[in-house]
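In: Quick one, fold the following:
(chains A and B)
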There are 2 protein chains.
Amino acid sequence: MSYYVCLHQEGINSIPGLVKKGLAHNYTVVATSVNPNTLPFDPFEDDPTYPGTLLNAVEWTSRIILILSDVAIDSPNAKVRAQAERILMRDITWAEHLQTNGSVMVRLRGPKNKQLAEIIKGRTKGNWFIQVPITNPELGTFEHRTDATDEEVSQAESIDPWSWWNDFRFEMDHSSKVKVVLDLRDSDRPSRETVRRWLGEPIEAVMIPSSLFVRNRYNYFVLHGEWQVIIGHFIAARAKIIVSVNPTDKSLLQYADYMNKLINDNCDSHNLNSYENALEIPLQPLCDNLDCWTYEIFEKDPVKYKLYQEAIQKALLECVTDEEADKKLTVVMVLGGGRGPLARAVFNAADLTKRKVRVYIIEKNVCAIRTLSNMVKTLWPKKDVHIFSKDMRHFSPPELADILVSELLGSFGDNELSPECLDGAAKLLKPNGISIPCKSTSYINPLMSAVLHNNVEQFSGVVSAFNYGYVALLKSIYHIAEPQTLFEFTHPNRTDQIDNSRYKELSFTVSKDCVLHGIGGYFDTVLYENIILSINPLTHTEGMFSWFPMFFPTHPHTVKAGDTISIKFWRRVDAEKVWYEWQVCSPFEGCVHNVDGTGYNMRL
Amino acid sequence: MSYYVCLHQEGINSIPGLVKKGLAHNYTVVATSVNPNTLPFDPFEDDPTYPGTLLNAVEWTSRIILILSDVAIDSPNAKVRAQAERILMRDITWAEHLQTNGSVMVRLRGPKNKQLAEIIKGRTKGNWFIQVPITNPELGTFEHRTDATDEEVSQAESIDPWSWWNDFRFEMDHSSKVKVVLDLRDSDRPSRETVRRWLGEPIEAVMIPSSLFVRNRYNYFVLHGEWQVIIGHFIAARAKIIVSVNPTDKSLLQYADYMNKLINDNCDSHNLNSYENALEIPLQPLCDNLDCWTYEIFEKDPVKYKLYQEAIQKALLECVTDEEADKKLTVVMVLGGGRGPLARAVFNAADLTKRKVRVYIIEKNVCAIRTLSNMVKTLWPKKDVHIFSKDMRHFSPPELADILVSELLGSFGDNELSPECLDGAAKLLKPNGISIPCKSTSYINPLMSAVLHNNVEQFSGVVSAFNYGYVALLKSIYHIAEPQTLFEFTHPNRTDQIDNSRYKELSFTVSKDCVLHGIGGYFDTVLYENIILSINPLTHTEGMFSWFPMFFPTHPHTVKAGDTISIKFWRRVDAEKVWYEWQVCSPFEGCVHNVDGTGYNMRL
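Out: Numbers count the residues shown, from 1 in each chain, chains lettered A, B, ... in the order given. All right, here's what the predicted structure looks like:
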């Protein structure tokens, strides 16, 4: 993922000159019309504007965004349309000749773009950047007015450029080859919700007119604070920058330097960049064994085991008073010991609280056992620690535990089967014993994300893609509404007839027209008392990266401000597996996804 | 494609120590047994040799080749076999735990490896390096003896380790996850043909025992000249190096430096590295238009247009005597002018011979026309040059040509339809006119290439892969026999009933047991008199890269020394297309590939 700052200029007389000018002013890419003269068409034209040999092939493809003529391809007038099509096809033919898998940009002129979509669908090469105004200037006014009538607002919304893009995207069958270039020209500052919604779209770049820059007190060109924030959001979502200038503009270098600084300040660089929006089939740690790579990633979480240690400390203090500390032994069982991080948390907690512990580590992965055995020998030779190479569901302990510690949680709380495992292990715990964690809760909300939708489609060749839940670092998304509580599980569960199947229907209100692409899934868990781990976006534990959210796809459907989205969600269980089913049942009746767990399921 | 020099050592007491020792002596990778102790098995083993946390996950995967225990997994004794399987499965489980998509090495102990193949087929992770002796020591002796009887030779060949690998490869269903590590230990220098045959296999590395090094007169460790040449061949074919040493060896740095120098000297670095063994569907320039990228690559050929220019010079001198030079005009038609390289060759030839030319450039790609028009205007404003935006088959010229110049040739000569195009253009030429080129000839030979076969298999999901001919820079191949002449086409073809369909059967003698994976295709063309372009490996024009050979796949089949391989090849033509069919009919009856041109065909 690399950023660029692109110089957009029209009315030039030399493309190599523009490239050179761009590079001299810190723009690595330039954008300009592919055919500055609309006519003539004749291949024998007297004045062929420029030859294909003007730049070399690498430069054509990597240095230039070619802009197509801005013609009325969707005019109601057939004659105008035919002429526009001739011009557009000439431009496209030439652009495809110059670039190998290059970048072609074209502007949406209004709400009707069916003909344009047909033409682009017919092309097989390259990426298509669709230039869309971020807001309609008229609409912008309404967003900041409190005195507008409902009718005025609704009329204004019908000319919302997001709707132009949305209709176009449906005409394009959600093709991943079209991306948005958001044009800030002539626009008022958009509302926060408008910005948030655009963040759920496949944004290639933000196009900034030089007129948006203002001089600060040092006479240097900058953007207003509000624009800084807005553009910063887009940069954080991996949008690139296009600066539009007039041929006579003398401040190119200032714009580029300013934009590069803004990129630096907002680029949200972190070690997990490569995971953004990437869909992964969730782990099945109950039936598969983890390898060193996976253990190592989880062991590196800077927050999780610290909070576990705090929870264990509290539990130890609860079990044993200061007076008893010298004599009373607390039996702690670590269920799923992995390569030792929870055992280490137990020993640390015992040291800090000055409590005596005996630790049983149960682990089914014989390879992890090998590392654990070595740890006992080299790190914990004097500790009261015992390793068992077993599935916890079939473990007969030498004695019962005062405290059970486990981390069997997945991104959706129960999706790595912690309820089933901990129910099976409840017999290992004394009647008044403590389970860490003691409760986990899942949450869902409706999401718009064209990028995640495209990634689901890419899985379609391999699996029944819309019947899977995926783990994903959600980046290019719009939260249509805030998450709500779905299912709860408490531990230990002492009820006679344990039923871990669940069903719930939740309703969410749409605040802005958008597209429903799927359902976000999150969880939080109470380790002990007030010590909580959470990946619910509303309460996310700071700095913890062990769990990415889940994404349950649905088929894309436009929803309107004020609509109620109702989602039915099932957790189903049979003898061999556990699985989820989900269905959107309002404002439209969607299909039930993953019926009978034929797609994603968790094997017992 | 990056090389490594790997340090192989057994009997070590610390893997991180070996990595450190390797790095300190310029080995970026090390190889050693995954479990140095064959026993115990118990996961609670008293002395677990080492934990998974010994190295981090990146180091496990990138720095180490893990060697499995060398056990009798294919023993005829069931008890021995069962014990061997226990040991092997323990090793594999541990290796897969340590590495994510890593590299595991195991040795072929003899001709029988069915059980080993079954075990490896069942695993889903990682790459498998199969250690095979380059020759059997006994067999090696025979290759250099002239007095051995036929029977002795045949008996020796039955213990040829290549056959062990070949049987194993068939057991593995030609899986691309197994690669060969050629072990030079205890081996005589192999014959040239033995080396050549191994070059057709997927070689990961060559394993060199330190005992192979000898001291030169400066007391520095080097390899004998013959070994240098042999290992140089493998390096050129992208094999990496593993040096096997004893724990007490003090010359590690000398070996590594020597091998790194050998890599530098033999690494065959060129700009087209990324094309090696990569299969491409041939271009269809008659129905598709080329883009700037493709034109630019071909225009860069340092040899092709120089030879064209020489041919045109000769033809001009033939058409016009020195006495006529001032007055007589030669009409040259360039058929398929592209972005001007042939026209430039004509003008250069005219200048050098001081002959007067009128040049007609015929080109059907309107985008190339645009560049040509600009060239005429800017580079050739005073030349007698005329551009026609036409398909040459439908062009009515203002006058007939003395010389036709074209470059419509593909990798197989006629596969870009030069016969059909030039037949159609023959009417443009005066009765005694000259065609450059005037003749083209295709050649084929049988090839072994496990790598190309794997690449064909990878296409199978997308197209009917065994019914395609591919363009490929052939790297990992063994020429089973030398190329022979297949089809010829001459220009202009003035016969009444032109028939460009062809059929021929060719026979080749196998000189060494090997696997037939497909047919190599090449061509040469006579531009004029003795000026020839050739990609036939026997006569390849030095430095010319415009055409890679073709590869026509067949289903893999082992053939024996002395066998006759007979290949039938058809060029078929109907109203819409031209296509090839091919069939191996001896020593086994293969299927006819590409019947009716349902796979690869050239659209008219």
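
In: Could I get the full set of strands for the stretch 201-350 of chain A?
Out: Applying DSSP state E, counting those that start in this stretch to the stretch 201-350 of chain A gives strands spanning A:203-209, A:214-215, A:221-222, A:240-245, A:329-335.

In: domain ranges for chain A?
Out: Structural domains annotated on chain A: A:5-269, A:292-407, A:439-603, as defined by automatic domain parsing.

In: mind putting the ones you listed in a markdown table, distance to chain B and mean neighbour count included?
Out: C-beta: built from backbone N, CA, C; applies to glycine. Below are these laid out as a markdown table (distance: least, C-beta to the nearest C-beta, whole Å; neighbours: other C-beta atoms under 10 Å in any protein chain shown):
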| stretch | distance to chain B | mean neighbour count |
| --- | --- | --- |
| domain A:5-269 | 4 | 18 |
| domain A:292-407 | 4 | 19 |
| domain A:439-603 | 9 | 18 |
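
In: By mean pLDDT, show me the worst of these.
Out: Note on the domains of chain A: lowest mean pLDDT is at domain A:5-269, with a mean of 89.

In: now residue A:85, what's its secondary structure?
Out: helix (DSSP: H, G, I helix; E, B strand; the rest coil).

In: And the helices in the stretch 51-200 of chain A?
Out: Here the stretch 51-200 of chain A has its helices, by DSSP state H, counting those that start in this stretch, at A:57-63, A:78-98, A:114-121, A:137-143, A:150-157, A:161-171, A:192-198.

In: Span of stretch A:385-404 from start to end?
Out: End-to-end distance of stretch A:385-404 (C-alpha to C-alpha, to the nearest Å): 14 Å.

In: So what touches that stretch?
Out: Residues from elsewhere that reach stretch A:385-404 (C-beta atoms under 8 Å, 6 or more residues apart in numbering or on different chains): A:312, A:315-316, A:319, A:330-333, A:335-337, A:343, A:358-364, A:366, A:369, A:372-373, A:376, A:420-422, A:424-425, A:428-430, A:433-436, A:491-492, B:43-44.

In: Same check on stretch A:102-113?
Out: Contacts to stretch A:102-113, defined as C-beta under 8 Å, 6+ apart, come from residues A:31, A:34, A:60-61, A:64-68, A:70, A:72, A:74, A:88, A:92, A:95-96, A:116, A:120, A:125-132, A:159, A:161, A:163-165, A:167-168, A:171, A:181, A:183.

In: quick one, which of the strands of the stretch 201-350 of chain A is nearest to residue B:227?
Out: Of all the strands of the stretch 201-350 of chain A, strand A:240-245 sits nearest to residue B:227, with 53.9 Å by C-beta to C-beta.

In: what helices or strands is the closest one leaning on?
Out: In this structure, strand A:240-245 makes packing contacts with strand A:5-9, strand A:203-209, helix A:252-266, judged by 3 or more C-beta pairs under 8 Å, 6 or more residues apart in numbering or on different chains; DSSP states H and E.

In: Just the angle for that strand relative to strand A:5-9, thanks.
Out: When axes from the mean of the first three to the mean of the last three C-alpha atoms, to 10 degrees is applied, the directions of strand A:240-245 and strand A:5-9 differ by 30 degrees.

In: Describe which strands strand A:240-245 pairs with in its sheet and in which direction.
Out: Looking at strand A:240-245 with DSSP bridges, its partner strands are strand A:5-9 (parallel), strand A:203-209 (parallel).

In: That strand versus helix A:252-266: what angle between them?
Out: Orientation of strand A:240-245 against helix A:252-266 (the same axes, to 10 degrees) gives an angle of 160 degrees.

In: Figure out how far strand A:240-245 is from the centre of its chain.
Out: On the basis of C-alpha atoms, centre = their mean, to the nearest Å, strand A:240-245 sits 25 Å off its chain's mean C-alpha point.

In: Name the residues that touch that strand?
Out: By C-beta under 8 Å, 6+ apart, strand A:240-245 touches A:3-9, A:27, A:31, A:65, A:181, A:185, A:204-210, A:231, A:235, A:252, A:255-256, A:259, A:262-263.

In: quick one on the thing from earlier: sort out which of the contacts of stretch A:385-404 are in helices and list them.
Out: Of those, the ones assigned to helices by DSSP state H are A:312, A:315-316, A:319, A:343, A:366, A:369, A:372-373, A:376, A:420-422, A:424-425.

In: Which two among the residues you listed are spaced furthest apart?
Out: Top of the distance list for the ones in helices among the contacts of stretch A:385-404 (C-beta to C-beta): A:319 and A:366, 31.7 Å.

In: Paired strands for the longest strand anywhere in chain A, with orientation please.
Out: The longest strand of chain A (DSSP state E) is strand A:514-528. Next to strand A:514-528 in the sheet, as set by DSSP bridges, lie strand A:439-448 (antiparallel), strand A:531-534 (antiparallel), strand A:550-559 (antiparallel).

In: is it possible to export these to a markdown table including distance to residue A:54?
Out: Formatted as a markdown table, these follow (distance: least, C-beta to C-beta, whole Å):
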| stretch | distance to residue A:54 |
| --- | --- |
| strand A:439-448 | 42 |
| strand A:531-534 | 57 |
| strand A:550-559 | 41 |
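
In: So for residue B:538, which of the domains of chain A sits nearest?
Out: Judged by C-beta to C-beta, the one of the domains of chain A that comes nearest to residue B:538 is domain A:5-269, at 33.2 Å.

In: Show the end-to-end separation of that closest one, please.
Out: Note: domain A:5-269 ends 18 Å apart using C-alpha to C-alpha.

In: partner residues bridging the residue lying closest to residue A:384 once chain neighbours are set aside?
Out: The shortest distance from residue A:384 to any non-neighbouring residue, by C-beta to C-beta, 6 or more residues apart in numbering or on different chains, is to residue A:358 (4.4 Å). Beta bridges link residue A:358 to residue A:331, judged by DSSP bridges.

In: Who are the contact partners of residue A:358?
Out: A:329, A:330, A:331, A:332, A:384, A:385, A:386.

In: Please apply the same query to residue A:419.
Out: By C-beta under 8 Å, 6+ apart, the contact list for residue A:419 reads A:489, A:491, A:493, A:500.

In: Can I take it that the last one is in a strand?
Out: No. Secondary structure of residue A:500 (three-state DSSP): coil, not part of a strand.

In: Am I right that it is in contact with residue A:423?
Out: Yes. Using C-beta atoms under 8 Å, residue A:500 is in contact with residue A:423, at 7.2 Å.

In: With adjacent residues omitted, what lies nearest to residue A:453?
Out: Nearest non-adjacent residue to residue A:453, counting by C-beta to C-beta, 6+ apart: residue A:517, 4.5 Å away.

In: No further queries at this time; thank you.
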